[in-house]
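**Student:** Return atomic coordinates for the entry below.
(one chain, ligands or ions: 1)
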Amino acid sequence: MRFKNLSQLKRPQPLEITLKSLPQHILMAEYAREKAFKINELVKLTFEESFEWYGFTLADQDHPELIIDIGLPQNDLNLQDYTALGSEKIAQFQESLTEELIINGWIHSHGALNYKHFSHTDEQNHLIVLDFVAPRTRKPLSKKEVAVQDLVLLEKDRFEKEDVAKGSVCLITDGPITEARIMETIYGSFCYSIVIGEGGRHEQEIHCRERGVLSGYTTSSSMAAQIEFVDTGRSLSQPDINALSDEVKKKIKPHTDPPPEMIERM
Ligand SMILES: [Zn+2]
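**Tutor:** Now for the predicted structure:
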C-alpha cells in the first residue's frame, strides 16, 4: 500500500461525545462555612490554643457538588500541625450518616500555624479521601471511541476458529456489517479539599479522577478552585452552637505529647 503523503499516516482523532462535566468550582452553603469557622473558634476557646482538626464536607446524594454541612469525626490526634486520615475512619464516619448524606471531601484547619497552604501530608490525605469518595460522586462524563487496531468483524454462527484468531479485538454481530466504532463510557469522580485558617482565610482544591470503563484508561488531576457560597436558608443558631461546642469537647482531643514516630512524620 502506498501513501500519497505523510498526513495520511495520522490516525483520525477518536470520536468523543461529552455528556456531563466535573465541577470547576466548589459550591458551599453559607451554613457550612459558618460551621467550619465556628469549630475553629470553639477549638481555640476550649483548649486555649488553636489545634489542627479535620472534618468532612457533606452533600445530599442527589446533589454531590454542593457542600451543605460539615461532619466532625472523632479526631484522635490533634497535634498543632499534623492531622492524619485513614480510609477506615472515613468509612466509619460515612456509616454514621443518614442515608441521603454523602461525604464529598474533607476540610481541616491549620490552627494558628503560619502555614497557609496544603502540606505534603495533606496531599496524601487528598488521595485517601478521593479513593473513598470517588464511587459516590461518580458520573458519566463522555462516550469516547476506543481506538482498536485490527478490529475484526464477525457474524454470529458464521465464523471459524481461524477467523477469531485474527486481529486484536473481535466484534460478533447478528448480521453482516463492514464498519464499527466502539465507544466506552468515561466516568469521572471528584472530591473537595478545603484548608481554613484564622481570620476567615481558606484555600481549596478539587481532585478529579477519570476512568474508561473498557480500556481502563485512568487520569487524575487536581486544581485550585474558587468557592461559590450559596444561601440555603439555614444558619447556625445558638442551640446549634451549644451542641457544636459539646461535640468539639468530645471529639477533638489535643495530643500535646506525641509519640516519637509522630514527631518524625511532622
Ligand atoms: Zn494541612
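
**Student:** can you confirm Leu22 is in a helix?
**Tutor:** No - Leu22: not assigned to a helix; according to DSSP: H, G, I helix; E, B strand; the rest coil it is coil.

**Student:** so what's it up against?
**Tutor:** 141, 188-190, 206, 208 (C-beta atoms under 8 Å, 6 or more residues apart in numbering). Where you see a C-beta, it was placed from the backbone N, CA and C, and this is true even at glycine.

**Student:** if we go to 10 Å?
**Tutor:** 65, 137, 139, 141, 188-190, 206-210, 221, 223 (C-beta atoms under 10 Å, 6 or more residues apart in numbering).

**Student:** Among these, which lie within helices?
**Tutor:** By the criterion of DSSP state H, membership of these in helices covers Thr137.

**Student:** Now that we have the contacts of Leu22, which of them are buried?
**Tutor:** Buried members of those, scored by 16 or more other C-beta atoms under 10 Å, are 65, 137, 141, 188-190, 206-210.

**Student:** quick one: contacts for the closest residue to Ser235 other than its chain neighbours?
**Tutor:** Distance criterion C-beta to C-beta, 6 or more residues apart in numbering; nearest residue to Ser235, sequence neighbours excluded, is Tyr31 at 5.9 Å. Listed by C-beta under 10 Å, 6+ apart, the contact set of Tyr31 reads 67-70, 229-236, 240.

**Student:** Tell me the backbone dihedrals of Tyr31, please.
**Tutor:** Here is the backbone geometry of Tyr31 (degrees, to the nearest 10): phi -60, psi -40.

**Student:** thinking again about what came up before, possible to save the contacts of Tyr31 as CSV with pLDDT, neighbour count and distance to the ion?
**Tutor:** Putting those into CSV (pLDDT from 0 to 100; neighbours: other C-beta atoms under 10 Å; distance: C-beta to the ion, whole Å) gives the following:
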residue, pLDDT, neighbour count, distance to the ion
Ile67, 98, 27, 18
Ile68, 98, 19, 23
Asp69, 97, 19, 21
Ile70, 98, 24, 16
Phe229, 97, 15, 22
Val230, 97, 16, 25
Asp231, 97, 9, 28
Thr232, 95, 14, 27
Gly233, 95, 8, 31
Arg234, 95, 15, 27
Ser235, 94, 12, 28
Leu236, 95, 16, 24
Asp240, 96, 15, 26
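
**Student:** Restricted to strands, list those residues.
**Tutor:** Mapping the contacts of Tyr31 onto strands (DSSP state E) picks out 67, 69-70, 229-230.

**Student:** So, low pLDDT: which residues of the stretch 101-250 of the chain?
**Tutor:** The model of the stretch 101-250 of the chain has pLDDT under 70 over residues 113-115.

**Student:** Residue of it nearest the ion, please.
**Tutor:** Proximity of the stretch 101-250 of the chain to the ion (C-beta to the ion) peaks at Asp122, 4.0 Å away.

**Student:** how much space between that residue and Thr57?
**Tutor:** 14 Å (C-beta to C-beta, to the nearest Å).

**Student:** who has more neighbours, those two?
**Tutor:** Thr57 (27 against 19; other C-beta atoms under 10 Å).

**Student:** picking that back up, which strand or helix spans the residue of the stretch 101-250 of the chain closest to the ion?
**Tutor:** Using DSSP states H and E, Asp122 sits in helix 120-137.

**Student:** Enumerate the residues of the chain near the ion.
**Tutor:** 119, 122 (C-beta under 5 Å from the ion).

**Student:** Just give me the longest strand of the protein.
**Tutor:** The chain, longest strand under DSSP E: strand 183-196.

**Student:** Redo the ones in strands among the contacts of Tyr31 as JSON lines? Include distance to Pro23.
**Tutor:** Formatted as JSON lines, these follow (distance: C-beta to C-beta, whole Å):
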{"residue": "Ile67", "distance to Pro23": "11"}
{"residue": "Asp69", "distance to Pro23": "18"}
{"residue": "Ile70", "distance to Pro23": "18"}
{"residue": "Phe229", "distance to Pro23": "14"}
{"residue": "Val230", "distance to Pro23": "13"}
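
**Student:** closest to Ser215 among those residues?
**Tutor:** For the ones in strands among the contacts of Tyr31, the minimum distance to Ser215 (C-beta to C-beta) is 32.6 Å, reached by Ile67.
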